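# got a structure for you, letters missing:
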Ligand code: COA
């Protein structure tokens, strides 16, 4: 038996994938052959999803058909809306509401993969497209209820990003906000075998289904060490913007033994390349906004924090991760901070689905070993003698 232990599976390669490649030493991320900056600044979200599913960019006709197909799968059954209404009334956090909603994604005609199959489409891919299409509707419907407002019907004349913004606000989406969100969605669409993606792959490795995989992945994404960081990042940045003194704030946190949200990464030993893409997108957005001085605070905070972390942790380089500029960009786009992690899921569900289909195509049940360190040679005593 192999006795070496790998907590967190660090450094263990568990799959071959054509989907994304991370070079943590050099700070590079490639998605289906494209450096992340090229993909995220050029692609619509639909193009990124098509690329993940088909390993090539769509032609113009294919893209139009793909957009229309996703748009046709956005509706929620009334029963799911009722669950989201109840979740909102109880002030259930957005990720819990999403977990409840996504678990029912195969209810109703849009979720019925067998109907899609009868029309000639592949069963699993149809369900994958349903999951990608419906996550924004779940999040936006929940949010409208949280606001005491009526849910906004999805509009099939709008692209994925624009429609999500429209369903959140009921307004005609602003072009700059749509482009900012589009960049965000493609930037985080896939990222190797992170915790939620590994969770999804593990579920389908048992020959379970895509809805179960996505539901489990949402649970995994929720934690602050994975997708839960950008909300706290925004709170931290807004506090510092109001109170000033970023250096004092950072010093105080580190002296108290707390972690700075938005910094550090399991794989990257340099600045996360997604931080640079999102920083540029946020810069463009804030240049046209009345909140431009907030973005100056964001940049100042980053510089101060990276320097302080280098002093604090000289042996382990801690640099800016994706969540730092996610907070600034999504705030600028108009996404409420309560929905930051759920908006991460709006994007990443496509990566989960592509990984699940890849796992299925070359499956091996995920079943690692553990080393027993519990008691041995115990003798049983009946309950009335204990
Ligand atoms: N602030 C302060 N110290 C940090 C830190 C941070 N953001 N991230 C890591 N460290 C320190 C740890 O305290 C630890 O120090 P120690 O060895 O003295 O105990 C050391 O760096 C290594 O940390 P470790 O927990 O082993 O790293 P990891 O690979 O498991 O962690 C993260 C990666 C992302 C979980 C971690 O960097 C973190 O918690 N970041 C903040 C949350 C965040 O931004 N999450 C979003 C990730 S995209």
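Now that the structure is in, tell me what you want to look at. Only a predicted model underlies this, so the values are computations on that prediction, with no experimental measurement involved.

# near the ligand at all, the helix or strand containing residue 196?
Using DSSP states H and E, residue 196 sits in helix 195-205. No - judged by C-beta under 6 Å from any ligand atom, helix 195-205 stays clear of the ligand, getting no closer than 9.7 Å. Quick note: C-beta positions are derived from backbone N, CA and C, even for glycine.

# got the contact list for that helix?
9, 14-15, 190-191, 193, 210, 212-214, 216-221, 223, 225-227, 348, 351-352, 355-356, 359-360, 363-366 (C-beta atoms under 8 Å, 6 or more residues apart in numbering).

# what do you get for stretch 223-231?
Contacts of stretch 223-231 (C-beta under 8 Å, 6+ apart): 95, 194-196, 220-222, 232, 261-262, 321, 323, 326-327, 330, 337-338, 340-341, 344-345, 348.

# can you point out the buried residues in that stretch?
For stretch 223-231, a neighbour-count test (16 or more other C-beta atoms under 10 Å) marks 226-231 as buried.

# most widely separated two among those?
226 and 231 (12.8 Å; C-beta to C-beta).

# now intersect the contacts of helix 195-205 with the helices, please.
Taking DSSP state H as the definition of helices, the contacts of helix 195-205 contribute 210, 212-214, 216-221, 348, 351-352, 355-356, 359-360.

# show the buried residues in the residues you listed.
Counted by 16+ other C-beta under 10 Å, the ones in helices among the contacts of helix 195-205 give 210, 212-214, 216-218, 220-221, 348, 351-352, 355-356, 359 as buried.

# any idea how far residue 193 is from residue 208?
18 Å (C-beta to C-beta, to the nearest Å).

# these two: who's more crowded?
residue 193 (20 against 13; other C-beta atoms under 10 Å).

# ok, now which ones touch that one?
Residue 193 touches 14-15, 17, 201, 355, counting by C-beta under 8 Å, 6+ apart.

# next up, the contacts around residue 182.
43-45, 159, 161.

# ok, residue 58 next?
Taking C-beta under 8 Å, 6+ apart as the test, what residue 58 contacts is 47, 50-51, 66.

# try residue 330
Per C-beta under 8 Å, 6+ apart, neighbours of residue 330: 181, 184, 230, 337, 340, 343.

# any of those buried? List them.
Here, 16+ other C-beta under 10 Å leaves 181, 184, 230, 337, 340, 343 buried among these.

# one step back: redo the contacts of residue 58 as TSV? Include neighbour count and secondary structure.
TSV is the format used below for the contacts of residue 58 (neighbours: other C-beta atoms under 10 Å; DSSP: H, G, I helix; E, B strand; the rest coil):
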residue	neighbour count	secondary structure
47	19	helix
50	24	helix
51	24	helix
66	18	helix
